[in-house]
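> take this sequence and fold it.
(one chain, ligands or ions: 1)
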Amino acid sequence: MSLETVAANRSFGGWHKRFRHHSTTLGCDMVFAIYLPPQAEHGPVPVLYWLSGLTCTDENFMQKAGAQRMAAELGIAIVAPDTSPRGEGVPDDPEGSYDFGHGAGFYVNATHAPFDKHYRMYDYVVSELPTLVEASFPVSDARAISGHSMGGHGALVIALKNPGRYRSVSAFAPIANPTDCPWGRKAFTGYLGEDETAWREWDTCALIAEAPERLPLLVDQGEADPFLEDQLRPQRLAQACERANHPLTLRMQPGYDHSYYFIASFIDEHLRHHAAALRR
Ligand SMILES: N[C@@H](CCC(=O)N[C@@H](CSC=O)C(=O)NCC(=O)O)C(=O)O
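The predicted structure is shown next:
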C-alpha cells in the first residue's frame, strides 16, 4: 500500500495533505485528502469521513467548507475521498453528463456491466480507505461520517448498513430517497440494473425501517435549495424516521441553497456533534 504525496499545506497548526494510491477495490489510482489536526503530532486522533456530492473531487470540501479551524480545535482528522473511480479504462457516462459516471459514484457497489468492475465506492469508503488511513496516519479507529447531497446519501446509507462502525453520522442536503428521484433512479439503473428491488439496500428511507442500530441522524437542509423538491425530499426521511421511531434532527435552514456557502455556515455545528460522540 504505497502512498504518493500530491500536496501538503500547513493549516491551523495541522496539515492538509493529498495522496494518490492504487485502489485494488476500484481498479484504478485514486486521490484522497486528509486534514490532520495539531493533536495528531502527539498521538492518534479520531476521524471524520466526508463524502462529497456530484461533480466533486477530494478538493471541494477541503477548499470551500472551512472545516479546518474547528477540526484543529476539536482534534479531529478529516478524510475526503474522491466521488468515483476515474481514469482511462474507467467507464464514464456515454453522454458525458454530470450526474453519472466520473464524479458520480453514488457510494454503491455496482452490479451492472460495464460499471461493476470499477464502481465499488461503498467498499472503498467502508473498508479499503479506512484500512489504509488507519495504517498510515496517527488516527484511531473512532470514526464518524458525513457528506453532502450524493455524499449525504452515502453517509447515511453507510452508517445504517454498518452498525457499530461509526460513532456518529450527519448530512447536508442528502438525497434522502434515491429510489424515487431523478438523480437516484438514473444512477441506480446504470449501476444496479433495472430490478428496483435491488435498489432498496441503497436507499436511506428503506434502510431506516430495519436499522439494527438507532444511531441519531443530524441533517441540515436549505429551504432555498433548488434541488429540494425534485431530488432531495427530506420530508420522506422525516416520515421514515417517524414510522421507525429513529432519532432524527432535521433542521430546515431558511434562505440557504445547495452550495458550499450553506455547508460552511453549519459545518462547525456538525463537527461539534461528531466530536461529542467521538470523545465517548
Ligand atoms: N448543475 C450543477 C450540479 C452539480 C452540483 O450542484 N454539485 C454539488 C453537489 S450536488 C449533489 O450531489 C456540488 O457539491 N458541487 C461542487 C461545488 O463545489 O459546489 C453542475 O452542473 O455543476
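> can you name the residues in contact with stretch 238-249?
204-206, 208-209, 211, 214-219, 237, 250 (Cβ atoms under 8 Å, 6 or more residues apart in numbering). C-beta coordinates here come from the backbone N, C-alpha and C atoms, glycine included.
> let's see 7 Å
205, 208, 209, 211, 214, 216, 217, 218, 219, 237, 250 (Cβ atoms under 7 Å, 6 or more residues apart in numbering).
> for the ligand, see how far away the third one is.
Going back to what we said before, that points to residue 209. 24 Å (Cβ to the nearest ligand atom, to the nearest Å).
> who's in contact with that residue?
For residue 209, the contact set (Cβ under 7 Å, 6+ apart) comprises 240, 243, 244.
> make it 6 Å
residue 244 (Cβ atoms under 6 Å, 6 or more residues apart in numbering).
> for the stretch 151-280 of the chain, what lies in contact range of the ligand?
The stretch 151-280 of the chain comes close to the ligand at residues 258, 259, 260, as judged by Cβ under 6 Å from any ligand atom.
> now, which of those residues lie within helices?
residue 260 (DSSP state H).
> a markdown table please, covering the residues of the stretch 151-280 of the chain next to the ligand and showing pLDDT and neighbour count.
Shown next, in a markdown table, are these (pLDDT from 0 to 100; neighbours: other Cβ atoms under 10 Å):
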| residue | pLDDT | neighbour count |
| --- | --- | --- |
| 258 | 98 | 21 |
| 259 | 98 | 15 |
| 260 | 98 | 20 |
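> closest to residue 133 out of the residues of the stretch 151-280 of the chain next to the ligand?
Nearest to residue 133, judged by Cβ to Cβ, of those is residue 260 at 23.4 Å.
> the closest one contacts residue 62, correct?
No: Residue 260 is beyond contact range of residue 62, at 10.7 Å (criterion: Cβ atoms under 6 Å).
> relative to residue 232, how far out is the one residue in the stretch 101-250 of the chain that gets nearest to the ligand?
Per Cβ to the nearest ligand atom, residue 149 is where the stretch 101-250 of the chain lies closest to the ligand, at 2.8 Å. Going from residue 149 to residue 232 by Cβ to Cβ, to the nearest Å gives 7 Å.
> overlap in contacts, the two.
What both residue 149 and residue 232 touch, as defined by Cβ under 6 Å, 6+ apart, is the set residue 173.
> now do the strands in the stretch 51-200 of the chain.
With DSSP state E, counting those that start in this stretch as the criterion, the stretch 51-200 of the chain has strands at 77-81, 139-147, 168-172.
> now the longest one: how far from the chain's centre is it?
Right, strand 139-147. Relative to its chain's centre, strand 139-147 lies at 11 Å (Cα atoms, centre = their mean, to the nearest Å).
> next: stretch 153-168.
Chain-centre distance of stretch 153-168: 10 Å, with Cα atoms, centre = their mean.
> restrict it to CA atoms and write it as PDB.
Extracted as PDB, the C-alpha positions of stretch 153-168 are listed here (Å, rounded to 0.1, in the frame of the first residue of the first chain):
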ATOM      1  CA  HIS A 153     -27.000   9.800   0.900                       C
ATOM      2  CA  GLY A 154     -23.700   7.900   1.000                       C
ATOM      3  CA  ALA A 155     -23.000   8.800   4.600                       C
ATOM      4  CA  LEU A 156     -26.500   7.900   5.800                       C
ATOM      5  CA  VAL A 157     -26.600   4.600   3.900                       C
ATOM      6  CA  ILE A 158     -23.100   3.600   5.000                       C
ATOM      7  CA  ALA A 159     -23.800   4.300   8.700                       C
ATOM      8  CA  LEU A 160     -27.100   2.500   8.600                       C
ATOM      9  CA  LYS A 161     -25.500  -0.600   6.900                       C
ATOM     10  CA  ASN A 162     -22.600  -0.800   9.300                       C
ATOM     11  CA  PRO A 163     -23.900  -0.700  12.900                       C
ATOM     12  CA  GLY A 164     -21.100  -0.100  15.400                       C
ATOM     13  CA  ARG A 165     -18.600   1.100  12.800                       C
ATOM     14  CA  TYR A 166     -19.300   4.800  13.100                       C
ATOM     15  CA  ARG A 167     -19.900   6.700  16.300                       C
ATOM     16  CA  SER A 168     -22.000   9.400  14.600                       C
END
